[in-house]
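*Asks:* Kindly return the folded structure for what I paste below:
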Amino acid sequence: MNRTMKQYRRVMTIAGSDPSGGAGLQADIKTISACGCFATSAVVAVVDENTVGVTGVHPVPAPFVEGQIHSILSDIGTDAVKIGMLHSSELIHTVRRALDRYPDIRDIVLDPVMVATSGDPLLHADAVATLRDVLIPRARVITPNIPEAELLLGHAIRSMSDLPDAACELSRLGASVLLKAGHLNDAEVADIFYNAETGTSTMLCSPRISTRNTHGTGCTLSSAFASFLAKGHTLDDAARLAKNYISDAIAAGAAYNIGQGHGPVHHFHAFWE
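*Replies:* Residues are numbered from 1 along each chain as shown. Coordinates of the predicted model:
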């Protein structure tokens, strides 16, 4: 009997692990699943981490990362890709080379993780330049926070009024930009999405929630964005839906106590309490 088989909407994440489950691959897979897609992954580093901090990072050799990407894309394929922290210039070049073997994959969301919550840089200067010049032009969307945007731009972002111009300036690197405003101390979190394909800006607002459970918010937002693109939404709609998802996940997660430090958001807030 012949029948048409269903197809999952697929999202591949390229990122490091977080054994505490709040960020990295684990947060990506939870988010992708909660947003209605099938998650695959390529592991770039194994991290010793909990809600208090990072104890150690064990990088996966770049050729092995490339092999993982090829194994997934040559067999399962994907509708979108989310890329998290890449720790070296070699790895950035490797990921770009691996993705270039599949030029039809356009919906790539890059979370340019470069600055720790403490403010310490996570990449050497050469790796930041490689990310800017090699990988961002391959992405469709980047999702920097303010410290990361400042590092890419080379100048400070001091207030909400600076965000639209900063997002537009960042887009000249080759991608649309969802610039996250969480580091500004305003009562409302007003992120800016600049759609480089239409030249339009959208403000995405949500109330600021008092919570320490913000571990993995950047991973979660970028994975949600990739998921909604995989489901066929436009850039503007995917940005809005991703913003709504992370805002609801933060609000729901604020009610929970997990770990002794910064806990996770509630990825499955729509399904269970």
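*Asks:* and the top helix by length along the chain, C-alpha only, in CSV?
*Replies:* The longest helix of the chain (DSSP state H) is helix 235-253. C-alpha atoms of helix 235-253 as CSV (Å, rounded to 0.1, in the frame of the first residue of the first chain):
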residue,chain,number,x,y,z
LEU,A,235,11.5,36.7,9.1
ASP,A,236,9.3,39.2,10.8
ASP,A,237,6.8,36.7,12.1
ALA,A,238,9.6,34.3,13.2
ALA,A,239,11.2,37.1,15.2
ARG,A,240,7.9,38.0,16.9
LEU,A,241,7.1,34.4,17.7
ALA,A,242,10.6,33.7,19.1
LYS,A,243,10.4,36.8,21.3
ASN,A,244,7.0,35.7,22.6
TYR,A,245,8.3,32.3,23.3
ILE,A,246,11.3,33.4,25.3
SER,A,247,9.3,36.0,27.2
ASP,A,248,6.8,33.4,28.2
ALA,A,249,9.5,30.9,29.1
ILE,A,250,11.3,33.5,31.3
ALA,A,251,8.0,34.4,33.0
ALA,A,252,7.1,30.7,33.7
GLY,A,253,10.6,29.8,34.8
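*Asks:* counting contacts, what elements does that helix pack onto?
*Replies:* strand 176-179, strand 188-195, strand 200-207, helix 217-230 (3 or more CB pairs under 8 Å, 6 or more residues apart in numbering; DSSP states H and E). To be clear about C-beta, it is placed using only N, CA and C from the backbone, and glycine gets the same treatment.
*Asks:* Please name whichever of the ones you listed is nearest to L151.
*Replies:* Nearest to L151, of all the helices and strands packed on helix 235-253, is strand 176-179, at 12.9 Å by CB to CB.
*Asks:* Within its sheet, name the partner strands of the closest one and how each one runs.
*Replies:* Note on strand 176-179: by DSSP bridges, its sheet partners are strand 141-142 (parallel), strand 188-195 (antiparallel).
*Asks:* among those, which is the most enclosed?
*Replies:* strand 141-142 (a mean of 29; mean count of other CB atoms under 10 Å).
*Asks:* Pull the distance from it to the chain's centre.
*Replies:* Remark: strand 141-142 is offset 8 Å from the chain centroid, using CA atoms, centre = their mean, to the nearest Å.
*Asks:* Beyond that strand, next helix or strand please.
*Replies:* With elements assigned by DSSP states H and E, the helix or strand that comes after strand 141-142 is helix 146-153.
*Asks:* which stretches of the chain form strands?
*Replies:* In the chain, the strands defined using DSSP state E lie at 10-15, 38-43, 45-49, 54-59, 80-83, 108-110, 141-142, 176-179, 188-195, 200-207.
*Asks:* shouldn't A251 be in contact with I209?
*Replies:* Yes. Using CB atoms under 8 Å, A251 is in contact with I209, at 5.5 Å.
*Asks:* average model confidence for stretch 256-267?
*Replies:* On average, the pLDDT along stretch 256-267 is 95.
*Asks:* and the end-to-end length of it?
*Replies:* End-to-end distance for stretch 256-267: 12 Å, by CA to CA, to the nearest Å.
*Asks:* Show me which positions of that stretch end up buried.
*Replies:* G259, H262, G263, P264, V265, H266, H267 (16 or more other CB atoms under 10 Å).
*Asks:* circling back: using JSON lines, lay out the strands paired with strand 176-179 together with mean pLDDT.
*Replies:* Shown next, in JSON lines, are the strands paired with strand 176-179 (pLDDT from 0 to 100):
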{"stretch": "strand 141-142", "mean pLDDT": "98"}
{"stretch": "strand 188-195", "mean pLDDT": "89"}
